[in-house]
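Trainee: Here is a sequence together with a model predicted from it:
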Number of protein chains: 2
Amino acid sequence: MRKVSDPTVSRLSLYLRILTELQEQGQSTVSSEELARRGGTTAAQVRKDLSFFGTFGKRGLGYGVPDLLAKLRSILGLERRWRVALVGLGKIGSALLGYQDFRRQGFHVEAVFDADPAKIGRRWDGLEVRSAAEMEDVLREQEIDIVIVAVPAEAAQEVVDRAVRAGVRGILNFAPTKLHVPPHVALRSVNMTVELEGLSYALSNGGREAAGRRSGVGGDRS
Amino acid sequence: MRKVSDPTVSRLSLYLRILTELQEQGQSTVSSEELARRGGTTAAQVRKDLSFFGTFGKRGLGYGVPDLLAKLRSILGLERRWRVALVGLGKIGSALLGYQDFRRQGFHVEAVFDADPAKIGRRWDGLEVRSAAEMEDVLREQEIDIVIVAVPAEAAQEVVDRAVRAGVRGILNFAPTKLHVPPHVALRSVNMTVELEGLSYALSNGGREAAGRRSGVGGDRS
């Protein structure tokens, strides 16, 4: 398979969401033009994105919705169950734990850690909060794939280093800091402050400019 | 001023965070090499990013930390107070309301809306929850600059359209959907599901690939 850029993968997620809606509405086929319109991109971009993974659809008939859905779920690795651990039960961490969409997409939070003795041992959404000190052991034992880092910035790199040593291959970072991982580990960051500062920049410098072009995940930067 | 790409603006946010740390530690100057190392980018990239906004620093001496901090805060529009409204008080919305970093950076949540009659009229972090039906009036009255959208996907576009009609110029979207705004409005999206699916893709397709390259905000896509 050719190298696939990150914006392409993000657009695949978006197509998946659109197709799920179409299926719920009982629509059985969709053209690249309709996918493009709903996704805020171009039909050529849609065809290019899907071409990375072989040809789908029939010229003039469009894509079969259930087929394309199944193929996208397979490409994105969503047919399996991912074992997720959450580190840090502050405001953001607690909110994430209740976020139902995770589970629906196959991301199951199976371990929760905090450093606060007042939280350790308590139950949270059916899970016992474990001490951050036990992290490596629990991550290994439970064969965790992905760690969500929701600790303060200054503690984040240490959490990541320990998770990587325990065999974790994916990190979703919410701490407002740049993290480093070895090449075999995937890292994604969600940083609301950076997004807000992008808005602030755009508003201060006459509207659209930088922030506007990043409208959602349908950007054209691939 | 030349057109500045979105990844450049995101890196400016990152430099701001690094410089804030350096200042707290009492360091008075910093080289582009040190900024690059801490930011996970190259010294050439740092110099290029900062060159958009005129020349700073002295050859061989680096940048003065307080000077560069002030300049970055000014470039990013962080010297003023931004008036923010939050629409949607579900799990994510409630967590956002308690997120202290917003206020520290000058983003003040001054109005909160929900459609649930059980929530309307109650107080939340010192703010009375207003009915979503009153949104346009309140947004205009309070001269809100930025609206944070934390409603379900199917309700998001309508909220955005109404906010735009009420004069809002910036949208921070947490709903898992693609939104459309007119050219004069800036839009940024935070979508955890897309990030998790990016990790899932990377883990399914042999490690780093797509997700790894988007490590934090220091990517080289400008």
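Mentor: Sure thing, it's come through.
Trainee: give me the number of residues near residue A:171?
Mentor: 26 (other C-beta atoms under 10 Å in any protein chain shown). For glycine as for every other residue, the C-beta is placed from the backbone atoms N, C-alpha and C.
Trainee: List the buried residues of stretch A:167-183.
Mentor: A:168-179, A:181 (16 or more other C-beta atoms under 10 Å in any protein chain shown).
Trainee: tell me the domain boundaries of chain A?
Mentor: What automatic domain parsing lists as the domains of chain A is A:6-75, A:82-193.
Trainee: Figure out the length between the terminal residues of the first one.
Mentor: When you say that, I think you mean domain A:6-75. End-to-end distance for domain A:6-75: 14 Å, by C-alpha to C-alpha, to the nearest Å.
Trainee: Ok, the last one next?
Mentor: Using C-alpha to C-alpha, the span of domain A:82-193 from its first residue to its last is 28 Å.
Trainee: now stretch A:54-66
Mentor: For stretch A:54-66, the first-to-last residue distance is 17 Å (C-alpha to C-alpha).
Trainee: Same check on stretch A:107-125?
Mentor: This stretch, stretch A:107-125, spans 15 Å end to end (C-alpha to C-alpha).
Trainee: what's the spacing between it and its chain's center?
Mentor: Taking C-alpha atoms, centre = their mean, to the nearest Å, one finds the center of stretch A:107-125 at 21 Å from the center of the full chain.
Trainee: try stretch A:23-35
Mentor: The answer for stretch A:23-35 is 24 Å, by C-alpha atoms, centre = their mean.
Trainee: Likewise for stretch A:73-90?
Mentor: 8 Å.
Trainee: does that stretch come close to chain B?
Mentor: Yes: Stretch A:73-90 lies within reach of chain B by C-beta under 8 Å from any C-beta of the partner chain, at A:75-78, A:80, A:82.
Trainee: what's the lowest-pLDDT member of the buried residues of stretch A:167-183?
Mentor: When these are compared by pLDDT, residue A:176 scores lowest at 74.
Trainee: For residue B:83, see how far away that residue is.
Mentor: Using C-beta to C-beta, to the nearest Å, residue A:176 is found at 22 Å from residue B:83.
Trainee: top strand in chain A by residue count?
Mentor: What stands out as the longest strand in chain A, according to DSSP state E, is strand A:107-114.
Trainee: Give the partner strands of the next helix or strand after it in its sheet and their orientations.
Mentor: Next along the chain after strand A:107-114, taking DSSP states H and E as the criterion, comes strand A:123-124. Sheet pairing of strand A:123-124 (DSSP bridges) gives strand A:127-131 (antiparallel).
Trainee: What mean pLDDT does the partner strand get?
Mentor: Strand A:127-131 shows an average pLDDT of 95 in the prediction.
Trainee: in it, what counts as buried?
Mentor: So for strand A:127-131, counting by 16+ other C-beta under 10 Å, buried means A:129-130.
Trainee: CA atoms only for it - export them in CSV, please.
Mentor: Extracted C-alpha coordinates of strand A:127-131, given in CSV (Å, rounded to 0.1, in the frame of the first residue of the first chain):
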residue,chain,number,x,y,z
LEU,A,127,-13.7,0.7,36.7
GLU,A,128,-11.5,0.8,39.8
VAL,A,129,-9.1,3.7,39.7
ARG,A,130,-5.5,2.4,39.9
SER,A,131,-2.5,4.1,41.2
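Trainee: thinking again about what came up before, among the buried residues of stretch A:167-183, list the two that are farthest apart in space.
Mentor: A:169 and A:176 (23.2 Å; C-beta to C-beta).
Trainee: which regions of chain A lie under the pLDDT threshold?
Mentor: Applying pLDDT under 70 to chain A flags the ranges A:1-3, A:55-59, A:100-101, A:207-222.
Trainee: Going along the chain, name the strands of it.
Mentor: Counting by DSSP E, the strands of chain A are A:29-30, A:63-64, A:82-87, A:107-114, A:123-124, A:127-131, A:146-149, A:170-173, A:186-189.
Trainee: From the contact counts, what lies against the longest one?
Mentor: Okay, so that is strand A:107-114. Secondary-structure packing of strand A:107-114 (3 or more C-beta pairs under 8 Å, 6 or more residues apart in numbering or on different chains; DSSP states H and E): strand A:82-87, helix A:91-97, helix A:100-104, strand A:127-131, helix A:135-141.
Trainee: which non-adjacent residue is nearest residue A:174?
Mentor: Nearest non-adjacent residue to residue A:174, counting by C-beta to C-beta, 6 or more residues apart in numbering or on different chains: residue A:150, 4.7 Å away.
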